[in-house]
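Student: Here is a sequence together with a model predicted from it:
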Amino acid sequence: MDCIFCKIIQGQIPCQKLYEDEHVISFLDIYPAGPGHSLVLPKTHFDNLLEAESEVLGQIMQACQTVAKTLQAVLKADGFNIFLNNGQAAGQIIHHLHYHILPRFANDDLHIKLPSHKYQPGEMEQIQKDVSSDMVSPDKEQILSDLSKISPNQKLNCTQAFTLAQQYKISKKELGELLDQQQIKLRNCQFGCF
Ligand code: AMP
Ligand code: ZN
């Protein structure tokens, strides 16, 4: 794969390495926004944040904390920004997941200023409603992964479904929606349990 960060990880391109463990590497950004501007990335190639496994995210964030703490202490910085550009529209140039750590100094004359707009009436509530109803929690993701092992179109009876709901600690309505999503059918129930 033609990825400059993979080449750095493999030692084919040099870098000013700050930190390395089994899963993560960190080195100085070659075109820094300020002294100590660093990158933290997984050794495994993921194009971006959405591609990464949750285990890897924990490892990267742990390394970010270690690197940021050391940078701040050694450079006598007053704080730091951590950011990630995800996707071309967000300014991602290198498509190998990486966080930026930028040490900040009280008078560093660097102004990261976002505009602040106003929502139209009802727009904010609509976004909240749309997004929260589509949100998949890690728990729900685990349930979906377990349910995906049940063959599609397999029919469950009400007792089996109730047992599943209990096992996953979710309401029968929630279970019904998840079963629909996985196209797992329930045997016709005369009591309308689901
Ligand atoms: P972005 O993809 O926009 O989040 O940022 C990529 C960052 O990688 C930029 O800040 C570049 O300066 C940095 N960069 C590109 N090539 C190298 C390299 N060979 N060594 C260190 N940093 C690099
Ligand atoms: Zn890569």
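Tutor: Done, it's in. Ligands and ions are numbered 1, 2, ... in the order given.
Student: buried stuff in the lengthiest helix in the chain?
Tutor: The residue-count maximum for a helix in the chain (DSSP state H) belongs to helix 54-74. Neighbour-count burial for helix 54-74, counted by 16 or more other C-beta atoms under 10 Å, picks out 56, 59-60, 63-64, 66-68, 71-72. No exception for glycine: its C-beta is placed from N, CA and C like everyone else's.
Student: Can you give the strand pairings for whatever helix or strand comes next after that helix, parallel or anti for each?
Tutor: Counting by DSSP states H and E, the next helix or strand C-terminal to helix 54-74 is strand 79-83. Here strand 79-83 is paired, per DSSP bridges, with strand 99-104 (antiparallel).
Student: nearest residue to the spatially most central residue of the chain other than its sequence neighbours?
Tutor: A centroid search over the chain (C-alpha atoms, centre = their mean) returns residue 49, at 5.0 Å, as the residue closest to the centre. Counting by C-beta to C-beta, 6 or more residues apart in numbering, residue 49 lies nearest to residue 86, which is 5.1 Å off, once chain neighbours are set aside.
Student: what's the answer for residue 139, then?
Tutor: In space, residue 139 is closest to residue 168, 7.8 Å off (C-beta to C-beta, 6+ apart).
Student: burial of residue 135, as a residue count?
Tutor: Neighbours of residue 135 under the rule other C-beta atoms under 10 Å: 8.
Student: quick one: low-confidence parts of the chain?
Tutor: Applying pLDDT under 70 to the chain picks out residues 138, 152-153, 189-194.
Student: hmm, try it at 80
Tutor: Low-confidence segments of the chain (pLDDT under 80): 1, 135-142, 144-145, 150-155, 181, 186-194.
Student: the domain parsing of it - what is it?
Tutor: 4-104, 136-186 (automatic domain parsing).
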